[in-house]
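**Q** no sequence for this one, just the structure:
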């Protein structure tokens, strides 16, 4: 948590404290910006400076480096958990879950750890206070690859509690790896939302020059306070610069690149809105009315699997999994096909009272099991297809449908019925 | 196979036979083009006419419809298995496997069946004879969702035989569903190719107005005869019109839409070339030298699986599959992650002498297990990652690597080494 002795002395001598605008000269370069909090994973000789572009840069300081204070910190820039309330601004509850957006690089190993508190995140983006009163809490501090079904359930409860306690909007900083799955889970679990629930992440950690953490968070806050729009959304960069952000429906969004800042895409639907760097919002789909009280329906049938079909897939090897599961989502090839040798296994599962849902590994476009004989055989074996729904969304929806309906037929009908914008395709209903 | 009595009589009265240029008036519209072969799945009252754009249209004829012959058929347009040889043109062997490109709609049920012979396909695209001497044979007649590892093995042998018997190029009409997997399989199985092996498909069947069968086939033939380029490629539409076709490397290509004509994309690499409607080829990557003789290495370790990681995936449920498999490809989240509760299972598989290969379900971008703790744990459990290689390509390559190396370490090294352009990422090699 602390600087090296020499850097501590240099900071003290310059009168530099967190939130101050400083100028640091090191290695022949000059950096100007706000001095950010130091943390346990920073090297003791590195200053984190938020420069004019909004990026945080890590500046390694040497004995000969210089620090000059340009401005004293504003009160609001100081690190604190109690955030002052401004009258007339909407209220946003921020529920931290971890992920790169809340993480720092460990300079000893080069690896990234979840570390930053929710209020640290808000304090790192002072502009957010111009648009909303933000209260922040940490629910989890995990990377999203470790997010599990019970995390979704707890998160849904926490979001509903904030909304029902008067929050106008909820922002959920979240790791990007499985953000799409969590967004789909919250979409189905939360009924009667009174405002936006926005998941937001970062592809680069907060103390890297190229971090998208602050700009994504600010864009999310601006979207939250722009109008009365209810639903679950993901806000992330829509370009490699900081000039455009996209708002995606929680059931339609997918991480399509391992590292780019514009990795998130709406699939089979346009983004809900775009936001530019000035905060101007261009909506693409109509706003939804808000309701009175948020109800949580977070029961999930854990006995559900997601399988990608591939040539050479052995029905024998997957017999046990398919027989033991109540819900099976298959991302088939093309319009939703599997090898004909898999069809008896689908029939067996359906005869057992399980639900087999067909999606496409193509991701874009709609499934249709009525075109080819293979598809017709799958339908007659009892499988259903769900139009242009993403495989991941179908997996989450199936867990939810199986746990929130009385019987398998009702669950199948719920799968085929478009809700929460999860499919826009009328062909969802197989004939 | 036959027309209705009334339509037969009308065709006879007009003197119309296959290959003739005719004009058909039906339902108030007039269609001009070449009369195509009738087949068992066509309605007895439907004429198939290849119109000027290259599309085949199905025209329903009524008793009051009119048929006029505009031109007698050229000899070459007649349906035949022996295709005349023109001196000086390169030779292309066409090996039919089935799929939409070789299929007809059954007008009774509306479903599509594989039916068209390889020579039917060539005869449907007379322009192909201007660029090459084409010999055609049918190896399979199946939809590609039913294509299996043994089909890949037989196909590799058939392609090598044609090449070693003097073919300058081989075209493989193939169903689109699993065309990417087959292209990857042929890429690895065929060593020392002396020319191009081009897989080509259609998203719309040959007797539909919007069929892309003929135009894709012609583009493939033009690419085959344009130069001395060795390798396995996929040629498909690159736009919704007939104005642009893309040539994809066999290890980089993926079907990314269930139905659009431009469904195929090169992922993490540019297409090898583009071809416009006039046949002009714009290459994007350097040509490869040709060798003397094609060698087939088509041994495959069938005991290999491809699994998509998802939140809620139960290690217990997948224990049996992972324990029983020699090769396991996981498409992880983000940079290639799985839940930490899956790591012991990865360790168990690696300790058993299996190979666990990590790819990303993001598809675009490169895996990197060195950034986050989760990834480092996976590496220390024995997993390897393979840069920006597609999950499907990694699955096919792993089957092949395990069957064509002496031990697991050699197989792992082969997985990490870029061959057949399967990855362009130097980070392939984990440290």
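**A** The structure has been received and is ready for your questions. Please read all numbers here as calculations on a predicted model, not as lab measurements.

**Q** In contact with residue A:271, which residues are there?
**A** The contact partners of residue A:271, by Cβ atoms under 8 Å, 6 or more residues apart in numbering or on different chains, come to A:238, A:246, A:247, A:248, A:284. C-betas here are computed from N, CA, C, even on glycine.

**Q** Likewise for residue A:4?
**A** A:44, A:45.

**Q** Distance-wise, check it relative to residue A:234.
**A** 40 Å (Cβ to Cβ, to the nearest Å).

**Q** Same question for residue A:204.
**A** Applying Cβ to Cβ to residue A:204 and residue A:234 gives a distance of 17 Å.

**Q** Which of those two has more residues huddled nearby?
**A** Neighbour count, other Cβ atoms under 10 Å in any protein chain shown: between residue A:204 and residue A:234, residue A:234 has more, with 31 against 20.

**Q** What's the separation between the closest residue to residue A:94 other than its chain neighbours and chain B?
**A** In this structure, residue A:94 finds its nearest non-sequential neighbour in residue A:136, 4.2 Å apart by Cβ to Cβ, 6 or more residues apart in numbering or on different chains. Counting by Cβ to the nearest Cβ, to the nearest Å, the separation of residue A:136 from chain B is 24 Å.

**Q** doesn't residue A:122 make contact with residue A:136?
**A** Yes. Assessed by Cβ atoms under 8 Å, residue A:136 is found in contact with residue A:122 at 5.2 Å.

**Q** Pick out whichever of the two has more residues nearby.
**A** Neighbour tally, residue A:136 and residue A:122, criterion other Cβ under 10 Å: the higher count belongs to residue A:122, 27 against 20.

**Q** That one - that's part of a strand, no?
**A** No. Checked against DSSP: H, G, I helix; E, B strand; the rest coil, residue A:122 lies outside a strand; its state is helix.

**Q** how many neighbours does residue A:38 have?
**A** 21.

**Q** quick one: contacts for it?
**A** Applying Cβ under 8 Å, 6+ apart, the residues contacting residue A:38 are A:1, A:2, A:3, A:18, A:47, A:48.

**Q** Over to residue A:229?
**A** Residue A:229 neighbours (Cβ under 8 Å, 6+ apart): A:195, A:196, A:223, A:272, A:287, A:288.

**Q** Where does the residue nearest to the fourth one when sequence neighbours are not counted sit: helix, strand or coil?
**A** Counting by Cβ to Cβ, 6+ apart, residue A:247 is the residue found nearest to residue A:272 once chain neighbours are left out, at 4.5 Å. When the structure is reduced to helix, strand and coil (three-state DSSP), residue A:247 reads as strand.

**Q** okay, residue A:247: pLDDT?
**A** The per-residue pLDDT reported for residue A:247 equals 97.

**Q** so how far is chain B from residue A:307?
**A** According to Cβ to the nearest Cβ, residue A:307 stands 7 Å off from chain B.

**Q** Show me the beta-bridge partners of the closest residue to that residue other than its chain neighbours.
**A** Distances taken as Cβ to Cβ, 6+ apart put residue A:330 closest to residue A:307, at 5.3 Å, once the chain neighbours are dropped. Here residue A:330 sits in beta bridges with residue A:307, residue A:358, going by DSSP bridges.

**Q** got the contact list for residue A:330?
**A** Residue A:330 sits in contact with A:307, A:308, A:309, A:336, A:338, A:356, A:357, A:358, A:359, A:383, where contact means Cβ under 8 Å, 6+ apart.

**Q** What is the nearest of these to chain B?
**A** Of all these, chain B sits closest to residue A:308, with 4.7 Å by Cβ to the nearest Cβ.

**Q** Let me know how buried that closest one is, in neighbour terms.
**A** 21.

**Q** How about the contacts made by it?
**A** A:330, A:331, A:361, A:391, B:306, B:307, B:308, B:331, B:391.

**Q** what residues are up against residue A:411?
**A** By Cβ under 8 Å, 6+ apart, the contact list for residue A:411 reads A:355, A:398, A:401, A:402, A:405.

**Q** do the same with residue A:397
**A** Residue A:397 touches A:184, A:188, A:251, A:389, A:414, A:415, A:422, counting by Cβ under 8 Å, 6+ apart.

**Q** cool, residue A:349 as well?
**A** Applying Cβ under 8 Å, 6+ apart, the residues contacting residue A:349 are A:322, A:323, A:325, A:328, A:356, A:382.

**Q** and it, backbone torsions?
**A** Dihedral pair for residue A:349: phi -60, psi -50, per degrees, to the nearest 10.

**Q** The top helix by length along chain A - what's its average pLDDT?
**A** If you go by DSSP state H, chain A has its longest helix at helix A:149-164. Across helix A:149-164, the average pLDDT comes to 97.

**Q** do that helix and chain B meet at all?
**A** Yes. Using Cβ under 8 Å from any Cβ of the partner chain, helix A:149-164 comes into contact with chain B via A:149, A:152.

**Q** Just the buried residues of that helix, please?
**A** Within helix A:149-164, the residues scored as buried using 16 or more other Cβ atoms under 10 Å in any protein chain shown are A:149, A:151, A:152, A:153, A:155, A:156, A:158, A:159, A:160, A:162, A:163.

**Q** Same question for stretch A:241-258.
**A** The neighbour-count check on stretch A:241-258 (16+ other Cβ under 10 Å) flags A:242, A:244-258 as buried.

**Q** Pick out the most distant pair among those residues.
**A** Farthest pair in the buried residues of stretch A:241-258 (Cβ to Cβ) is A:242 and A:251. Separation: 26.9 Å.

**Q** next one: phi and psi at the residue nearest to the spatial centre of chain A?
**A** Nearest to the geometric centre of chain A sits residue A:179, at 3.4 Å (Cα atoms, centre = their mean). Torsion angles at residue A:179 (phi, psi; degrees, to the nearest 10) stand at phi -60, psi -40.

**Q** Hmm, residue A:234 and it touching each other?
**A** Yes. With contact defined as Cβ under 8 Å, residue A:179 counts as touching residue A:234 (6.1 Å).

**Q** Give the residues shared as contacts by these two.
**A** A:199, A:201, A:253, A:264.

**Q** Distance check, residue A:304 against chain B.
**A** Counting by Cβ to the nearest Cβ - residue A:304 and chain B are separated by 7 Å.

**Q** same deal with residue A:269?
**A** 14 Å.

**Q** So that residue, which state does it fall into?
**A** coil.

**Q** how near is the nearest residue to it once chain neighbours are set aside to chain B?
**A** Spatial nearest neighbour of residue A:269, excluding adjacent residues (Cβ to Cβ, 6+ apart): residue A:252 at 4.6 Å. Applying Cβ to the nearest Cβ, the value for residue A:252 to chain B is 15 Å.

**Q** doesn't residue A:388 make contact with residue A:252?
**A** No. Residue A:252 lies out of contact with residue A:388 (Cβ under 8 Å); the separation is 9.2 Å.

**Q** what touches both of those two?
**A** residue A:268.
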